[in-house]
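K.L.:
Show me how the following folds:
(chains A and B)
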Number of protein chains: 2
Amino acid sequence: MKKKILIVGGVAGGASAGARLRRLSEEDEIIMFEKGPHVSFSNCALPYHLSGIIDEADRLVLMSPEKFLVQYNIKARVNNEVLSINKEEKYITVKNLENGETYKENYDKLVLSPGAKPIVPNIPGIEEVNIFTIRNVVDIDKLNKYVKSIDKQDIAVIGGGYIGVEAAENLRDAGYNVSLIEATDQILRPFDYDMVQIFHKELYDHSINLIVGDKVEKFEKDTVILSSGKRISAKVVVMAIGVSPETALAKGAELDIGETGAIKVDTNYKTNDDSIYAVGDAIEVYNSLTHSNVKLSLAGPAQKQARSVADHINGKKGLNKGYIGSSAIKVFDYNGASTGLNEALINVLNMNIQYDVVRVILTDKVGIMPNSSPVHLKLLYEVPTGKILGAQAIGKGDVTKRIDVIATAIKFGGTVEDLKDLELCYAPPFATAKDVVNYAGYVGSNLLNGDFKQVNIDLVRGLAERNAYIIDVRERGEYANGHIKNAINIPLSELRQRINEIPKDKPVYLHCRTGQRSYNATLALQNLGFNNVYNITGSFLALSFYEYFNDQTKNRESIVTEYNFK
Amino acid sequence: MKKKILIVGGVAGGASAGARLRRLSEEDEIIMFEKGPHVSFSNCALPYHLSGIIDEADRLVLMSPEKFLVQYNIKARVNNEVLSINKEEKYITVKNLENGETYKENYDKLVLSPGAKPIVPNIPGIEEVNIFTIRNVVDIDKLNKYVKSIDKQDIAVIGGGYIGVEAAENLRDAGYNVSLIEATDQILRPFDYDMVQIFHKELYDHSINLIVGDKVEKFEKDTVILSSGKRISAKVVVMAIGVSPETALAKGAELDIGETGAIKVDTNYKTNDDSIYAVGDAIEVYNSLTHSNVKLSLAGPAQKQARSVADHINGKKGLNKGYIGSSAIKVFDYNGASTGLNEALINVLNMNIQYDVVRVILTDKVGIMPNSSPVHLKLLYEVPTGKILGAQAIGKGDVTKRIDVIATAIKFGGTVEDLKDLELCYAPPFATAKDVVNYAGYVGSNLLNGDFKQVNIDLVRGLAERNAYIIDVRERGEYANGHIKNAINIPLSELRQRINEIPKDKPVYLHCRTGQRSYNATLALQNLGFNNVYNITGSFLALSFYEYFNDQTKNRESIVTEYNFK
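P.N.:
A predicted model of the protein is given here:
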């Protein structure tokens, strides 16, 4: 039976739903409504227009209404705003923004894919600055044209989420003076505080005026005033503090809204109305790790939901396995990726879960190959099951690969033991024979097994300040080039001869450059009868990154004589 | 109780075993014996010395005997050849190659890690050419110095396995005229014939004289003579036809040798002697997909085995889950990776397994980002379970990532359905919102579900020659730039209007550039009542690669008016 299906909103959710609906039925009538002029564009790529990496704004547009019509027989009505839904009589009211006329369109099935809109709080003095947001091609084109018109002036980006950071990077690449202002103590929440310092440093090193832990209080003429009293000059203010699901239409139709404030859907992405589905950034989804409903503004899940909806409308039943959330970002020369839970999220949600952390560093490819560089990997696993809960990786090399592998393992309920056995593709240009993921599996298994103890780099400042016994097992030359201020240098190569120097009556903390040699030293000491030995995870390399940004910006004394970032 | 453990052979297996043994016990005496001068080197990186990517041969050496002693308290005796094992009295006889003296060394546990040696068959006239093999740092240094001494002359590499191809590439990069000779009809057996043509083309396009399906018959003065009668000039001949496990020592001690000709070990990598273990290229391992013992010359598995042995010697029990075999290679601008089974292997082993194939092409990252390029992915899955059996990927972008994810899914017994749901890290510089792995999962699920039918590109020549009804659904401009000779151009955008042109009484084969638009067209035709419709997997892009090398080298008529490699 021929159905009439209306889709509100294009982009990842709406356009994918339309295409799949057409593949499942030639006869159904499918109409897509989009308030803006573009029905399908790459919204994740928007910031890359600011640097010129994507030179023409038009290139961001993936499909035109004309193409939708001839290739999919889908009518895409751009510049048509859906004003309301009458779910009893099954029609929507639409305003044609080109001619101002309002009309009704009835439906058998309605798919809502309205997305989420940038939050612009009514901060005092907001009329004193040029505020921009980034949601679609029109926005980015407008912002880009405006910044080009002012030549190389000061720009403030407010909000250190993905869009804010990408906008800041691309504007900096275009030559502007960019301030990136984040109210909390860190940018990019998918990364924990100890990991994200690598990005803080990278932004700082690229001359972005990164300000964390300081809130926008008010605006004055071309100026952002922060809680601290700092005044940031800004001809342009990009507001990127977050997005809020577009729920007006759903609320107007009295569709259920979840506790997160997003549209509530069932396992098939159907709202509480039997003929109305919803997908994408406007809905809340089930997180299979937190066991709760969450908002998840990611393109991949939106496409998956769209496909499920098209299937369900056509009588095909799928399985909703929930989401774990995987994402990636490039920050200048560094790449970052994350999946599943992180420590901050576990704490924020006050989750009743026992976990431990693996933090390892290994080169992305064979160390003697050109451009090999360290991958910093942090992995969370449940205690005592060893079940993997989440991971984050940052490095100049291929970090998405490692997180993709771990995301896959999480989907299968994998444990740290499983990671040991993974057979990953090795050749010198791509990886090491034992990949950092395998290595994390080994370390996690050893920890779980109680084979050794560790402390994380975030505790080192405290240890150093209260003169704990820290042994640097790197070779003398490495120590000379920079070390923790009161650390004692007993190179691994001298450890066994100098064993009597080491006290047995107090905790001993060991580190090297990345934690591998100090792990060997830790086990050697344990096997020699030392009972209170800790390996410092991340060791001197991660510590240098961890301390650097705060040292530079807080005017505090460094705990190292010199950093080491290699 | 203090144990004395001897290790025969260094590199991946022996050195890893030693390091882990030391971590598990400080008191054990550990001695490593190595016939050559280097106890630990990166053997996978050896070929990269020939191009100068790794400039100094010494950089290939990872650990010196001195470092092993001071860092691990392991005695590494280089230039010491183990001649025999007396397993009753538990000692080995060793020859010190520096002073010619022979001595005995007793053991509690013995670990064999002798590796495999390059096969050099006694081909007639072998004394007429300069034969080199590549096994260790000494070999590569010798080869490199020799080729440098002859200036830019002709070099023949015999054998198209990983080492042969990498040697050929690196010698070509160094400016030599390189012939790569492979007796069978394709190089790089981990890739199926339809996939490997991309590499054939890449080598051909980089002016390597690639000869497949032609055997070395004999040698004459600086010349290789092939079965076909072809004469290949070669001042240097690199013999890389394969390796054979070093079993002399094991055989001499009457240790069990498996059917593959490699040392037989149990689940803990123990030989039939309770005190003797063996790891690495010299042993056979259990392939969990073929359910048979195989030789597996890979560094990752060798390290894993070494660790298991060290654990077992120290009373720690692990689980041997068998192997699936994952590997990667760079061939000039293309990267390739594979895991698990391929079609050739299933046929060679005459495996009683029903399977089907997914072959998809998707960009490695968002198409509008710079340097985005197609990933060609081939996936095998079991019918009717959907269980993933293996995969291969080739492209200029990140293909190891995709195969690592699939290798991980295989380890967990994953199905094509599972691939749909994987949440992989997406940002425009790294991937697409729906990754090629997800896409393969969708296509596999659809195939398994009987939603559509396909034919692979290897059948297209036959179809074209017998004038089958092939529709090219690309747009007119694309068709004009190169197409299958008798294909009919009905662009997807015109399909519904021109439906009457398409015959209902015979099979219809559809293709576009990569198979996505033709998949939409296939479903549209099916939904419009066409029952005999096939999507050509890989479509025009994969077909161009598939036909090119044979067209160029076999002097046969091309079935396309022009190729398209983009």
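K.L.:
Count the neighbours of the closest residue to chain B within the stretch 151-300 of chain A for me.
P.N.:
Here the stretch 151-300 of chain A gets closest to chain B at one residue, residue A:299, 3.6 Å apart by C-beta to the nearest C-beta. For every residue, glycine as well, the C-beta is placed using N, CA and C. The number of residues packed near residue A:299 is 24, by other C-beta atoms under 10 Å in any protein chain shown.
K.L.:
can you pull the pLDDT of the residue lying closest to it once chain neighbours are set aside?
P.N.:
Counting by C-beta to C-beta, 6 or more residues apart in numbering or on different chains, residue A:299 lies nearest to residue B:433, which is 3.6 Å off, once chain neighbours are set aside. You'll see residue B:433 listed with a pLDDT of 94.
K.L.:
I figured residue B:433 was touching residue A:306, is that so?
P.N.:
No. With contact defined as C-beta atoms under 8 Å, residue B:433 does not reach residue A:306; the gap is 10.8 Å.
K.L.:
ok, the spatially closest residue to residue A:189 that is not a sequence neighbour to chain B distance?
P.N.:
Computed as C-beta to C-beta, 6+ apart, the closest residue to residue A:189 that is not its neighbour in sequence is residue A:344, at 6.5 Å. Applying C-beta to the nearest C-beta, to the nearest Å, the value for residue A:344 to chain B is 18 Å.
K.L.:
Likewise for residue A:370?
P.N.:
Residue A:370 sits 6 Å away from chain B, going by C-beta to the nearest C-beta.
K.L.:
Wait, that residue touches residue B:51, no?
P.N.:
No. Residue A:370 is beyond contact range of residue B:51, at 10.9 Å (criterion: C-beta under 8 Å).
K.L.:
Those two: which has the busier surroundings?
P.N.:
residue B:51 (18 against 10).
K.L.:
host element of the more buried one?
P.N.:
Using DSSP states H and E, residue B:51 sits within no helix or strand.
K.L.:
What pLDDT is listed against it?
P.N.:
Looking at residue B:51, the pLDDT reads 97.
K.L.:
That one is in contact with residue B:176, isn't it?
P.N.:
No. Taking C-beta under 8 Å as the definition, residue B:51 is not a contact partner of residue B:176, at 10.0 Å.
K.L.:
quick revisit: which secondary structure state does the residue nearest to residue A:189 sit in?
P.N.:
helix (DSSP: H, G, I helix; E, B strand; the rest coil).
K.L.:
State the number of residues packed around it.
P.N.:
Residue A:344: 16 neighbours (other C-beta under 10 Å).
K.L.:
Residue A:470 now?
P.N.:
21.
K.L.:
Please report the distance of it from chain B.
P.N.:
For residue A:470, the distance to chain B - C-beta to the nearest C-beta - is 20 Å.
K.L.:
Next: residue A:108.
P.N.:
Per C-beta to the nearest C-beta, residue A:108 is found 18 Å from chain B.
K.L.:
Hmm, that residue is touching residue A:30, no?
P.N.:
No. Judged on C-beta under 8 Å, residue A:108 makes no contact with residue A:30 at a distance of 10.9 Å.
K.L.:
got any residues that touch both of those two?
P.N.:
Shared contacts of residue A:108 and residue A:30, defined by C-beta atoms under 8 Å, 6 or more residues apart in numbering or on different chains, comprise residue A:5.
K.L.:
which one of those two has more residues nearby?
P.N.:
Comparing residue A:108 with residue A:30 by other C-beta under 10 Å, the one with more neighbours is residue A:30, at 24 against 15.
K.L.:
Let me see the contact set for residue A:225.
P.N.:
Going by C-beta under 8 Å, 6+ apart, residue A:225 touches A:125, A:216-219, A:231-232.
K.L.:
Just flag the most distant two among the residues you listed.
P.N.:
Taking C-beta to C-beta as the measure, these span a maximum distance of 13.0 Å, between A:125 and A:232.
K.L.:
Enumerate the residues of the stretch 451-566 of chain A near chain B.
P.N.:
Contact residues, the stretch 451-566 of chain A versus chain B (C-beta under 8 Å from any C-beta of the partner chain): A:492-494, A:496, A:517, A:519-520, A:523-524, A:527-528.
K.L.:
ok, back up a step: which one of the contacts of residue A:225 sits closest to residue A:159?
P.N.:
residue A:216 (9.5 Å).
K.L.:
Tell me how many other residues crowd the closest one.
P.N.:
Neighbour count of residue A:216, defined by other C-beta under 10 Å: 24.
K.L.:
show me what contacts it?
P.N.:
Per C-beta under 8 Å, 6+ apart, neighbours of residue A:216: A:123, A:158, A:181, A:183, A:224-227.
K.L.:
Residue A:379 now?
P.N.:
Residue A:379 touches A:357-360, A:388, A:390-391, A:406, A:416, A:440, A:444, counting by C-beta under 8 Å, 6+ apart.
K.L.:
6 Å instead, please
P.N.:
A:358, A:391, A:440 (C-beta atoms under 6 Å, 6 or more residues apart in numbering or on different chains).
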